[in-house]
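**Q** Sequence and predicted model, in that order:
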Amino acid sequence: IMVSGSAMWAAAKEYQDGKVKNNFLKDVKWSPDGLCVLTSSEDKILRIFEIPQGGEEHASDEQSWDQSRDCLTASLRIQEGETIYESAWYPGMHSSQPETCCVFSTTRDHPVHVWDAYTGQCRGSYCAYTDAEELTAAYSIGFDNTSNKLYCGYNNCIRVFDIERPGREHVLQPTFKRANRESTGQRGIISCISFNPDRSGLYAAGSYSRHIALLASPAGKLLYTLNGHRGGVTWLAWSPCGNYLYSGARKDDEILCWDVRNTGDVLFRYERCAPTNQRLQFDLHPKGQQLFTPSHDGTIRCFDTIKSLQDPEAAAFSSFSSPSQHITSSMLHPYLDLLAAGTGTRLYEEIGDLDSSQMFVEGAEENPFDCALLIWKLTGTDMDHACE
C-alpha cells in the first residue's frame with residue numbers, strides 16, 4: 001500500500017497562549033457528522049473546531065507545514081476545572097439537530113459532564129460516589145450501540161448511566177471480585193471502553209493492569225480476558241465487521257490484533273514507536289482495510305490489515321512525516337479522506353539543572369507545531385476490500 005498525506009490545515013497558535021508552558025493535546029475526535037473536531041489538552045480546555053468545507057485544492061505536499069497552514073481557530077472553548085482524562089462526542093450527534101450536539105468529558109475529582117456544543121453550557125453531570133460518600137471521577141467513557149447508555153471506567157468497576165437521566169442513579173458492575181482468598185476478574189483502573197459495532201452487546205474494557213476484558217452487556221458478564229501487552233492498555237478499536245479487536249498500551253511498541261471468535265492468542269502485531277505513558281489514539285478505515293497509528297518517530301504509519309491477516313508474515317506499512325516528532329492521535333474522518341492528528345508531549349526538567357525555571361529541553365519550543373491540531377488530505381485509502 002502507498003498512502004500519503006498532504007498538508008491541509010492546522011491549529012497551533014490556539015494552544016500557545018502562554019498560560020500553560022508545556023501544553024499538549026490528549027484527545028482528538030471527529031464529530032459523527034464530520035463537520036467538527038473536538039480536542040482536549042493539558043491546559044484543561046475542550047476546544048471545538050469547525051472544519052472549512054472544500055479546500056482540497058489547497059492541499060500541498062507533506063513537508064509544507066508552514067505558518068500559512070495555521071488557520072484554524074476554535075469556535076468554542078470549554079474550561080474544565082481539573083486535568084481532563086477523556087472527552088467524546090455524543091454518538092448520535094448531528095448539527096441539524098441541536099439537541100444532539102453535545103460532548104462528554106471526565107476530569108480529575110469531578111463528575112462526568114455533558115456540554116452543549118453550541119453554547120458551552122453544562123447540560124448535566126453523571127456522579128459516582130464511594131462507600132464513604134466521596135465523589136470519585138471516571139477515568140474513561142464509552143457508549144453502547146443504542147447511544148442510550150454511558151459506560152464509565154473506574155477502579156475495579158464500570159458504572160452504567162442512563163444518558164437521559166443525569167445524576168447519581170446508575171448500575172454498578174464490578175470488574176474485580178475477591179472471595180475466600182481468591183480473586184477473579186479484571187483488576188485495576190478501567191482506562192478505555194469500546195463497544196463492538198456488530199450490535200451484539202459485546203464490549204471490550206482495557207485496564208492499566210495490562211489486561212483486556214471482553215464483556216457482555218447489559219449485565220457486564222465477563223466472557224474472556226486477553227493478555228499480551230507490556231504496559232497498561234490505553235486505546236481500543238474494533239474492525240467494522242466486529243470480528244477483530246485492536247489494542248494499544250503504554251510504553252508498548254506494538255498494537256495487537258485479536259480475533260474475538262478465537263480468543264487467547266494474538267493474531268498479529270503492528271509495530272510503532274511508543275516510548276511514552278501517553279495515550280496514543282489510532283484509528284481504522286471505515287471499510288476496515290487500513291490502520292493509522294501515530295508513532296513517536298515523527299511519522300503516522302498506515303498498515304494494510306487485509307494483507308496482514310491473510311499473511312501473518314506481512315508487516316509492510318507506508319508512512320508520512322509530521323512537523324512534530326511527538327504525535328498523540330491519528331483519527332480518520334467518518335466519510336472523507338481526511339486525517340486529524342494531535343501533537344505534543346510532557347517535558348520534564350533535566351536532572352541537575354540548577355535553574356528551576358528551565359523546565360524544558362533547549363530548543364523544544366522552536367517548533368510551533370509541537371502542540372497543534374493537524375489535518376491531512378489522504379491519498380491511496382480508497383480500496384474495494386471489505387472486512388471478512
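**A** Alright, I've got the coordinates.
**Q** in this protein, what secondary structure element scores lowest on mean pLDDT?
**A** Lowest by mean pLDDT, DSSP states H and E among the helices and strands of the chain is strand 182-185, with a mean of 78.
**Q** Just checking: what are the partner strands of that one?
**A** Paired with strand 182-185 in the same sheet, following DSSP bridges, are strand 176-179 (antiparallel).
**Q** Just give me how far the strand it pairs with sits from the chain centre.
**A** Distance, stretch centre to chain centre, for strand 176-179: 30 Å (C-alpha atoms, centre = their mean, to the nearest Å).
**Q** average pLDDT across it?
**A** Taken as a whole, strand 176-179 carries a mean pLDDT of 80.
**Q** List the buried residues in it.
**A** Phe176 (16 or more other C-beta atoms under 10 Å). C-beta: built from backbone N, CA, C; applies to glycine.
**Q** Quick one: residues in contact with the least confident helix or strand of the chain.
**A** Pro174, Thr175, Phe176, Lys177, Arg178, Ala213, Leu222 (C-beta atoms under 8 Å, 6 or more residues apart in numbering).
**Q** contacting residues around the residue minimising distance to the centre of the chain?
**A** In the chain, the C-alpha nearest the mean C-alpha coordinate belongs to Gln281, at 4.2 Å (C-alpha atoms, centre = their mean). Gln281 is in contact with Asp27, Val28, Trp235, Pro294, Thr328, Ser329, Ser330, Met331, Gly342, counting by C-beta under 8 Å, 6+ apart.
**Q** quick check, nearest of the residues you listed to Glu86?
**A** Proximity of these to Glu86 (C-beta to C-beta) peaks at Asp27, which lies at 6.4 Å.
**Q** beta partners of the closest one?
**A** Going by DSSP bridges, Asp27 forms beta bridges with Ser40.
**Q** residues near it, how many?
**A** When counting by other C-beta atoms under 10 Å, one arrives at 21 neighbours for Asp27.
**Q** isn't Phe369 right up against Ser324?
**A** Yes - using C-beta atoms under 8 Å, Phe369 is in contact with Ser324, at 4.8 Å.
**Q** What ranges does this protein have for its helices?
**A** 305-310 (DSSP state H).
**Q** Could you list the low-pLDDT ranges of it?
**A** 1, 54-63, 179-182, 312-316, 349-366, 382-388 (pLDDT under 70).
**Q** Export the contacts of Gln281 to CSV and append columns for distance to Gln186.
**A** Shown next, in CSV, are the contacts of Gln281 (distance: C-beta to C-beta, whole Å):
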residue, distance to Gln186
Asp27, 23
Val28, 27
Trp235, 17
Pro294, 26
Thr328, 25
Ser329, 25
Ser330, 27
Met331, 26
Gly342, 28
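**Q** among the residues you listed, which are in strands?
**A** Using DSSP state E, Asp27, Val28, Trp235, Pro294, Thr328, Ser329, Ser330, Met331, Gly342 are the members of those that sit in strands.
**Q** Quick check: of those, which lies closest to Gly242?
**A** Trp235 (17.5 Å).
**Q** ok, and the closest non-adjacent residue to the closest one?
**A** Gly248 (4.5 Å; C-beta to C-beta, 6 or more residues apart in numbering).
**Q** Count residues in the vicinity of the one you found, would you?
**A** 27.
**Q** what separates it from Thr184, distance-wise?
**A** 26 Å (C-beta to C-beta, to the nearest Å).
**Q** If the closest residue to Pro52 other than its chain neighbours is in a bridge, with which residues?
**A** Once flanking residues are discounted, Pro52 sits nearest to Trp9: 6.8 Å by C-beta to C-beta, 6+ apart. Under DSSP bridges, the beta-bridge partners of Trp9 are Ile375.
**Q** Asp337: neighbouring residues, count only.
**A** For Asp337, using other C-beta under 10 Å, the count is 18.
**Q** That one and Met8: what is the separation?
**A** When Asp337 is compared with Met8 (using C-beta to C-beta), they lie 10 Å apart.
**Q** Kindly report the same for His229.
**A** 34 Å.
**Q** next one: Gly228
**A** Applying C-beta to C-beta to Gly228 and Met8 gives a distance of 36 Å.
**Q** higher neighbour count, the two?
**A** The residue with more neighbours, out of Gly228 and Met8, is Met8; 24 against 18, by other C-beta under 10 Å.
**Q** measure that one to Tyr139 for me?
**A** Met8 is 33 Å from Tyr139, by C-beta to C-beta.
**Q** just Glu271 next, same as before
**A** Relative to Tyr139, and taking C-beta to C-beta, Glu271 is found at 27 Å.
**Q** what do you get for Ser64?
**A** 39 Å.
**Q** neighbour count winner among the two?
**A** Taking other C-beta under 10 Å, Ser64 and Tyr139 do not tie; Tyr139 has more neighbours (20 against 12).
**Q** wait, doesn't that one sit right on Ile193?
**A** No - taking contacts as C-beta under 8 Å, Tyr139 lies outside contact range of Ile193: 9.8 Å.
**Q** Find residues that contact each of these two.
**A** Gly153.
**Q** quick one, what contacts Ser200?
**A** By C-beta under 8 Å, 6+ apart, the neighbours of Ser200 are Gly242.
**Q** typed the wrong thing, it's Pro294
**A** Arg272, Leu280, Gln281, Phe282, Ile300, Ile327, Thr328, Ser329, Ser330, Ala341.
**Q** about what we covered before: now compare the contacts of strand 182-185 and name the two farthest from each other.
**A** So, the contacts of strand 182-185 by C-beta to C-beta: farthest apart are Arg178 and Ala213, at 16.2 Å.
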